Every structure is written in C-alpha cells, then in structure tokens.
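Enquirer: predicted model follows, preceded by the sequence.
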Amino acid sequence: MAKQTGKGRQKRKLISTKVNRLSPSGIRKFFDLLASMDGVISLGVGEPDYATPWHIIEAAIKSLERGYTMYTSNSGIVELRQETAKFLEEKYAVKYDPVGEILMTVGVSEALDLAMRAILNPGDEVLMSDPHYVAYDSCVIMAGGEPVMVPTSEKDNFEINADDIESRITPKTKAILIGYPANPTGAVMGRDKLLAIADVARRHKLIVISDEIYARLVYGVEHTCFASLPDIQDNTILLGGFSKAYAMTGWRIGYAAAPRDIIAAMTKIHQYTIMSAPTMAQVAAIEALKSGESSVQEMVEDYNRRRLVIVKGFRDIGLSCFEPKGAFYAFPSIAVTGMTSEEFSEKLLVEEKIAAVPGSAFGGCGEGYVRCCYATSLADIEEALNRMARFVKKHRK
C-alpha cells in the first residue's frame, strides 16, 4: 500500500487531548530562569530552608543499615498509619481506622491525583477557589473532570464563600476542593465558614477534598480540620503530609484519610502506578510523628518572625499586602506598578535578581499579585525587600 504524502497525509495525534489542555506550570518557568542566573534571592520555591531534623534522618539511615529496603504494604507501613491516626485523633479529634481508612502516598501530590481519579467520571465538575495551588485544576483535568473556579478576593481575605460555591453547583458537580491554609495566599478559614461549606456539601451530597498540608503552619489562629466538623467525615477526603511542617519535601511522603470505599478505590490506582511510598521515607515519617513536635514548633516560631518582617516590608515600600495567617507565603499586590504579574516577576528577576512567582500562575484572580515565600533567611528577606523597594520606586506609575 502506497504511503500517503504531502498535504494528504493526516498528522497523527500523539498526545492526549487531556494532556494538551494542561498549561505548563507557571512556577517552573521561573525556576528554569533562576537556574541560569547567579546571585539571585529566591522567594519562589515553596519549601522550608531548614534541613530535615537530624533524628528523622538518622531513623532513615538506621533502616537502610538494617537492610530495610523492600516494598511495604501498598497502604504503607502499619506503624506509620497507626501513628498518623493517633496524630489526627489527638490533634483534631477525628478518628480514622489505620487499617482501611488511611493510605500513605508519594507526597500530597499523589494523594490529590489518586483522589480525583478515584471519584471522577468524565465531565464531573469540581469546584475550587481562585487563586489556588497550581496542581488543583490540572489533576481534575487529568482525571477527566472539569474544574470550576469560585473567585476569592483580598477584601474577603481570600476565603472561599459557601454561597459562592452553592451558586455554581450543577447536576454535574461531584466535589469541592479546598486547601487551607492556602497556597498561594496564606489565607486560613475559620470554623464558622467551614461549617457553612460542610452544610452545602451535605445538602448537595458532594465530596469535599480538603488539602491540609500546611495545617501545622498557622500563626495566632487555630487550624480547623475539615473532617472534624459535625457529620461531614463520611463526605471528606483529608489530605496531609510531612513536607512542610517537618522540612521533608524531598522525602515525598504524604497521606490520604477517607471512608473505606474511597481509600480502597485510591489504593487500586496506587498499587498499579506506585506500589508503595518509599520505605525509608515512611520510617522517617514515623520518627517525625513520634519525636518531631519540638522541631515543628521551633520552625513555626521562626516562620512567624519572617512573616511579620516581610509583610511590614511590603507595606513600607508601597505594596499593599494581605496578612497571611498560615503556610509560608505572602501575596502582595503589585497594582501600583501597573504591570501584569508576569511582567513584574520577569523584570524583578532580570533587574534586581529577585525570584517571585506571578499570581496569574495560580488562576485569574491571582493577577495583580505575586507570591513570595518567606521560608528563607531573614537576611535574604531583608535584602530582597531592599532590592524590591528600589524596583518599585523605579516602576511606580
């Protein structure tokens, strides 16, 4: 059979429609630029500048010395699931059976992906705040669902509103995805507002996926675990992990806690794609839960000092800045410059060697802001503020 050539040849569609819909991460673009420059102060990377506490590292080393390098159960080491269940009950008064209701994952990112693939059918809609963490809408799309944005704003403290959620519910709505403390804004939701969202979810029989990776990093407020609210645990997929509070980003260890049928569905996918979370990381996580509390408190106190410095600094140089109550991000407005967030970030990097992430990377409502991570040294924060003051003075409208 003769080969078809020229204009008559049809181009094969090698890449799936779902993947073609995904936008490259707006965060990674700036990391690539950063890698090619010297002398840059990075306020872009969302990870602690602390090393993992030594006693946690040592636990992993000892497990390697003992030859403990084999697969674990798909669900994770039983002791780790038990310690996770114990932590959730003692900290937030929410009970999970470590056998059947908790799954250890390769970071919260995998847990989020598993949750979406486990519950969504093609065309199912997932409501989420705008702005939001960059992976939220992408995970929904990859699972065949449709992300639906619920706008938030600085005047409302970037808190998602139950009435705004309810007004966007359709017959196709399957779930609500929330993440508080929030990336990129640092917003924290109070109990009353979360209760209102829980009421909407119950009445409309929706699943709530609650990403609480920053739960331990709060300042002057209490974190409310969504699953601990009355009569909502059976509708909730709780996501958490060790990366942020224990300075364990590279260990890639997280978890999902949910009703048995949902965890069973997530485990099916997990066992065929991942098998099990890294064994030595699970051993390290056990040590973190057993003996890591003092290190967490030390880091939280230090982040709080940095938080106060960076927010005041932005305000002093003329950038209005919402006060973050959680995580380790500030989200200053750049309206006084008249630039888009991407223009601001690119010029700031080139002219002053400061890396910040454009707010537009996190959704349309992030336009006009930049995300600045204060999980870096006070000396770097102060120098970054000096450089930004010079930049803002030069570019102010």
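Expert: Perfect, thanks for sending it.

Enquirer: show me where the stretch 251-397 of the chain has its strands.
Expert: For the stretch 251-397 of the chain, applying DSSP state E, counting those that start in this stretch gives strands covering 254-257, 329-330, 354-355, 357-358, 370-373.

Enquirer: so which elements touch the first one?
Expert: For strand 254-257, the elements it packs on are helix 78-92, strand 102-105, helix 107-119, strand 236-241, helix 260-273, judged by 3 or more Cβ pairs under 8 Å, 6 or more residues apart in numbering; DSSP states H and E. C-betas here are computed from N, CA, C, even on glycine.

Enquirer: with the fourth one instead?
Expert: Using 3+ Cβ pairs under 8 Å, 6+ apart as the contact criterion, the elements in contact with strand 357-358 are helix 26-35, helix 341-352, strand 370-373.

Enquirer: in its sheet, what does it sit against?
Expert: strand 370-373 (antiparallel) (DSSP bridges).

Enquirer: name the residues that touch the strand it pairs with?
Expert: Residues from elsewhere that reach strand 370-373 (Cβ atoms under 8 Å, 6 or more residues apart in numbering): 42-47, 183-184, 310, 314, 328-332, 334, 341, 344-345, 348, 356-359, 361-362, 384.

Enquirer: could you find the closest non-adjacent residue to residue 276?
Expert: residue 72 (4.6 Å; Cβ to Cβ, 6 or more residues apart in numbering).

Enquirer: residue 358 too?
Expert: residue 341 is the one closest to residue 358 (Cβ to Cβ, 6+ apart), at 3.7 Å.

Enquirer: thinking again about what came up before, got a markdown table for the strands of the stretch 251-397 of the chain, with mean neighbour count and mean pLDDT too?
Expert: A markdown table is the format used below for these (neighbours: other Cβ atoms under 10 Å; pLDDT from 0 to 100):
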| stretch | mean neighbour count | mean pLDDT |
| --- | --- | --- |
| strand 254-257 | 27 | 98 |
| strand 329-330 | 26 | 98 |
| strand 354-355 | 23 | 94 |
| strand 357-358 | 30 | 94 |
| strand 370-373 | 28 | 97 |
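
Enquirer: hang on, the earlier thing: quick one: buried ones out of the contacts of strand 370-373?
Expert: Listed as buried from the contacts of strand 370-373 are 42-46, 183-184, 310, 314, 328-332, 334, 341, 344-345, 348, 356-359, 361-362, 384; burial here means 16 or more other Cβ atoms under 10 Å.

Enquirer: strands of the stretch 51-200 of the chain, start to end?
Expert: Per DSSP E, counting those that start in this stretch, the stretch 51-200 of the chain carries strands over the ranges 102-105, 125-130, 146-151, 173-179.

Enquirer: most tightly surrounded among those strands?
Expert: Greatest average neighbour count among those goes to strand 102-105 (a mean of 26), per mean count of other Cβ atoms under 10 Å.

Enquirer: was I right about residue 80 contacting residue 286?
Expert: Yes - contact criterion Cβ atoms under 8 Å: residue 80 and residue 286 qualify, at 5.0 Å.

Enquirer: mind checking which of these two has more residues around it?
Expert: Neighbours per residue (other Cβ atoms under 10 Å) separate residue 80 from residue 286, with residue 80 holding more: 27 against 20.

Enquirer: which parts of the longest helix seen in the chain are buried?
Expert: The single longest helix within the chain, with elements called by DSSP state H, is helix 293-316. By 16+ other Cβ under 10 Å, the buried positions in helix 293-316 come out as 295-296, 299, 302-304, 306-307, 310-311, 313-314.

Enquirer: dump the helices and strands packed on strand 254-257 into a markdown table; add distance to residue 173 as well.
Expert: Shown next, in a markdown table, are the helices and strands packed on strand 254-257 (distance: least, Cβ to Cβ, whole Å):
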| stretch | distance to residue 173 |
| --- | --- |
| helix 78-92 | 27 |
| strand 102-105 | 25 |
| helix 107-119 | 12 |
| strand 236-241 | 16 |
| helix 260-273 | 17 |
